[in-house]
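Colleague: Predicted model follows, preceded by the sequence.
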Amino acid sequence: MVDHIDVPTMSTKLQNTLIQYHSLPEDKWSVAKKSNDVTVWRKPSEEFGGCLYKIEGVVQDVTNKIVDYIRPGPYRLQWDSLMTTMEIIKDLEQPLQS
């Protein structure tokens with residue numbers, strides 16, 4: 001039997017979680033890195049053994065190239081010393097196999 005993911009419910013839950021994190025007061029975050037154009041904050045996660053990050057800044061480049069450095073993947077391993085390994089367990093954009 002194939003497990004079906006309720007994408008709309010999962011999407012709403014994720015959106016609400018991100019809004020909750022974004023709404024946290026600044027004193028709950030600590031500055032991890034700051035440059036002229038970008039500031040990165042982090043906060044220990046209460047849900048998993050790692051940190052949550054929020055980034056604010058202006059970067060002049062192609063959007064997809066920037067996203068490649070933020071999301072987990074080979075480019076992220078180049079700059080994020082806290083991420084030493086990565087394994088993608090499921091890609092939600094791939095069709096389910098029966």
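Modeller: Sure thing, it's come through.
Colleague: next structured bit after the longest helix seen in the chain?
Modeller: Looking across the chain with DSSP state H, the single longest helix is helix 7-22. Once the chain leaves helix 7-22, the next helix or strand it forms, by DSSP states H and E, is strand 30-34.
Colleague: List the buried residues of that next one.
Modeller: By neighbour count with 16 or more other Cβ atoms under 10 Å, strand 30-34 contains the buried residues Ala32. For the C-beta atoms, the positions are set from N, CA and C on the backbone; glycine is no exception.
Colleague: what helices or strands is the following helix or strand past that strand leaning on?
Modeller: With elements assigned by DSSP H and E, the helix or strand that comes after strand 30-34 is strand 38-44. If contacts are counted by 3 or more Cβ pairs under 8 Å, 6 or more residues apart in numbering; DSSP states H and E, strand 38-44 sits against strand 30-34, strand 51-57.
Colleague: so for the last one, what's the average pLDDT?
Modeller: For strand 51-57, mean pLDDT rounds to 85.
Colleague: And the residue sitting nearest the centre point of the chain, its phi and psi?
Modeller: The centroid of the chain falls nearest to Arg71 when counting by Cα atoms, centre = their mean (5.9 Å). When read as degrees, to the nearest 10, the backbone of Arg71 gives phi -70, psi 160.
Colleague: Out of the helices and strands packed on strand 38-44, which is closest to Thr63?
Modeller: strand 51-57 (13.7 Å; Cβ to Cβ).
Colleague: Show me the chain divided up by domain.
Modeller: 26-54, 58-88 (automatic domain parsing).
Colleague: which stretch in the ones you listed has the least confidence?
Modeller: domain 58-88 (a mean of 76).
Colleague: and that domain, which residues are buried?
Modeller: Quick answer for domain 58-88: no buried residues (16+ other Cβ under 10 Å).
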